[in-house]
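Visitor: need the 3D shape of this:
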Amino acid sequence: MILLRPALLVAVLATPALSQQFVDLPGIFPGASRWSEGVEMVDVDHDGDLDVIFAEGDGFSSAGTKRPNRLYINQWVETGSLSFTDESAARLGGSSNAKGVTTADVNGDGWVDILFANAFNTDPPFLYINQGASAPGFFTLESAARGLTTAYSSAGAQFGDVDDDGDLDLVLCDSGVSFLGGSGASPVLYKNDGSGHFTLDAAFVFPPKKAHMDVQFEDIDLDWDLDCLVFCRANNGAQDHYLLLGDGTGAFSDASNLIPSTSGNVYEAEVGDLDGDMDHDLFFVSLSSFDEGAMRNEMVETGMLNYIAEPPINSGTDDNEIALFDWDNDGDYDVIVGSLGPNERAYRNNGGLSFKYNANRIQKIADSTLDLALGDVDGDGAYDLVTAQGESGGFTNRLYRNTGAPDDVPPVVVALDLPSALQPATILHARVRDQVRDDGVDYVTGAGFAAEPSATTQVITFQGGVFSPAALSVLPGQRVEWRNLDATSETVTSISPPYDYDFTLPPGGSVERTFVAGGIYSYQSTASGATGSVVVGAGWLNAKSTRLGGEVHRLEFTPTGTEASLAVELLFVDGVGNTTLVDGLLIAGGLGTSFCEPAAANSTGSPGQLLASGSDQVADNDFTLTATSLPQNQFGYFVASQGQTAPVTPPGSQGNLCLGGGSPILRFTAQVGNSGAAGTFSATLDLANFPPPYGGAVLPGQTWSFEGWYRDHNPTATSNFTQGVAVLFL
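Guide: Just a heads-up that it's a prediction; the model follows:
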């Protein structure tokens, strides 16, 4: 991704008050003002800037005039000046009563497609397929050809991979014969066949509810598959909204009773970690009457999924839209409210689900906002705000430019889900949080790289202020060791973004890194200014990367079949170019036999996993253990025994220990590791010198069983264990 940061032409800007961060750019969207219900920002033509899509169509409780939906093409890259051209007729065409818009690459060709959710049972959903390289950002309406032939009364829709097969399925709201009343209906789910053709899932049927307004996918129960939430502008008995828990195969169970009742004015809610405990809270429009408010997820605290309504925020204003956005760059989600009242509102997150209204954050303009979207339209690194207007007033859609500091907070990899062994299709999952969450949009893209790790190590020395060799050429999967031969500590800084790998070389010490993705990795000595580079050649594997939905990314590798193990790097990039690299990951080729499963889930929501790699030949003395899927920045070490026993939970722990069975348990405390940001640590065990009470060499014919022990907070300080791996040494 190229981050564009040319100087913005200030002539187009209104003069803001000093305290205002979001400032209206009058007249930025050309053409007549019409009732707009939904908005999304996405780069439809792959030119490097965000275009804007509006869902149009009159009607509050019944259908009004059908309208053409709008597509505005951003001219920032082409001209260096922020402006939009209305190319709706040329690129889209068609009219409907659209209430929502969502985008995704439904056919896997690398180009974003568009779906409009149409209300009042007047039309099926409108699915527009991007013509791609032949006509970038031009669309053909292909709803019927791709299986969408039924008219619903939909206020919203969202794409997500509900069955973890690498393509994006579709869920739609459906309010039934009456948009706001009547008997209601059930949401509908369409499964993708991988080529962008959809089939209705007849098993996805739940008790009807009235007035579906918003639908979102998220891994609510932290089990690595998508769950579905549907929020309703109605009171539906004791269960106003839907919470449908997925099982990873595309089947769902109804857990709507876990969401407390709200007012009947809910047009939307947003999903995100609002209190920093790594589970997913909710923030509602009109939690109580017209007052906004949060619901706290207690899953991490109690180990059980449950929501508790927090005291509402007294606003008393009829509002339609919520977005989560860290507008002060302090690392937590703040809240922006799209309002039918006198102005949009911003609430600062003070931690602990406490929010404070910031009266002057957004320029005060009285209009009827029905939806909003966030995205960096001018390449300055700060997310701007677009609002969609309808229902009353002049229907003037607006762009508020963000005059604040650029977003410099990289995506946070909250947890990883790694396979225990290589498969023909080796699938990893990552839970990644960023600074924006709005209707499932966060702009984070993922990439994965893998190669078989080399059995040898290439060495670079640092002495007298010089790296030697200054340029080192290696193959993917090569381990490189920097050795400091001087008597003073040295800081080495990467100068090849996005692959940052800064580190400190202690005097007389060394640092190792395995390089996977091809490219030139340049670095520099902070003290002497000396530079060096590692040039990685061809031959690595690329992952097929899919955003499963919510914060979950799916990365699939197809090994050649000759690899004994894979060294893996994961790269995540947000919408303004901030990057996070996770390296040091290892997927073993199945050395040993797994036991003591399932291990107890830790604070990531998943059990820790143990991988054994290298060789089971004693003479090779090449045996490595890797603990993965751990909470971040926790220390741990490996334990071993020649016997096994039924699972026991030691005092002060939440995990299962299955070692012993009459044999002593060894602790490899001389090789304490830290899980770091990747949630993993490794140790290469010396088979010639196992610690006391065994205190000797591993012998051919012996079977040793291993587990990983690590610190955890789940929710209070505790410890946990990975599952076990038993290895017969030869």
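
Visitor: in the chain, what residue spans correspond to helices?
Guide: Assigned by DSSP state H, the helices in the chain fall at 76-79, 88-91, 299-302.

Visitor: dump these into a markdown table; add distance to L428 as well.
Guide: In this view, the C-beta of every residue, glycine as well, is placed from N, C-alpha and C. Listed next are these as a markdown table, based on distance: least, Cβ to Cβ, whole Å:
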| stretch | distance to L428 |
| --- | --- |
| helix 76-79 | 33 |
| helix 88-91 | 36 |
| helix 299-302 | 23 |
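
Visitor: can you tell me which of those is nearest to A601?
Guide: helix 299-302 (10.3 Å; Cβ to Cβ).

Visitor: counting neighbours, which bits of that closest one end up buried?
Guide: Buried residues in helix 299-302, defined by neighbour count with 16 or more other Cβ atoms under 10 Å: M299, V300, E301.

Visitor: now flag whichever of those residues is closest to I129.
Guide: M299 (38.4 Å).

Visitor: surely the closest one meets L305?
Guide: Yes - the criterion here is Cβ atoms under 8 Å, and M299 meets it with L305 at 4.8 Å.

Visitor: what do these two both touch?
Guide: By Cβ atoms under 8 Å, 6 or more residues apart in numbering, M299 and L305 have these common neighbours: D221.

Visitor: in TSV, list the helices of the chain along with mean pLDDT and distance to L127.
Guide: Shown next, in TSV, are those (pLDDT from 0 to 100; distance: least, Cβ to Cβ, whole Å):
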stretch	mean pLDDT	distance to L127
helix 76-79	96	27
helix 88-91	97	15
helix 299-302	89	35
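
Visitor: the ones you listed: which one's closest to A157?
Guide: Nearest of these (Cβ to Cβ): helix 88-91, 19.7 Å.

Visitor: which parts of that closest one are buried?
Guide: S88, R91.

Visitor: ok, residues contacting it?
Guide: Taking Cβ under 8 Å, 6+ apart as the rule, helix 88-91 contacts V44, P68, N69, R70, L71, Y72, I73, G137, F138, F139.

Visitor: pull the distance from that helix to the chain's centre.
Guide: With Cα atoms, centre = their mean, to the nearest Å as the basis, helix 88-91 stands 32 Å off its chain's centre.

Visitor: CA-only coordinates of it, as PDB, when you get a sec.
Guide: The C-alpha trace of helix 88-91 is given here as PDB (Å, rounded to 0.1, in the frame of the first residue of the first chain):
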ATOM      1  CA  SER A  88     -23.200   7.300 -10.800                       C
ATOM      2  CA  ALA A  89     -25.000   6.900 -14.100                       C
ATOM      3  CA  ALA A  90     -21.900   5.800 -16.000                       C
ATOM      4  CA  ARG A  91     -20.600   3.400 -13.400                       C
END
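
Visitor: circling back to that earlier point, just the ones in strands from the contacts of helix 88-91, please.
Guide: P68, R70, L71, Y72, I73, F139 (DSSP state E).

Visitor: partner residues bridging the first one?
Guide: Beta-bridge pairing of P68 under DSSP bridges involves S95.

Visitor: for R67, what are its contacts?
Guide: Contacts of R67 (Cβ under 8 Å, 6+ apart): R34, W35, E56, G57, D58, S95, S96, N97, A98.

Visitor: which among these gets closest to A640?
Guide: Scanning the contacts of R67 for proximity to A640, where the rule is Cβ to Cβ, the winner is A98, at 61.5 Å.

Visitor: that closest one touches D58, doesn't it?
Guide: No - applying Cβ under 8 Å, one finds A98 not in contact with D58, separated by 10.3 Å.

Visitor: look at those two and report which has more neighbours.
Guide: More crowded of A98 and D58, by other Cβ atoms under 10 Å: A98, with 30 against 17.

Visitor: tell me who's in contact with the more buried one.
Guide: Contacts for A98 (Cβ under 8 Å, 6+ apart) come out as E37, G38, A55, E56, G57, R67, N69, F116, A117, N118, A119, F126.
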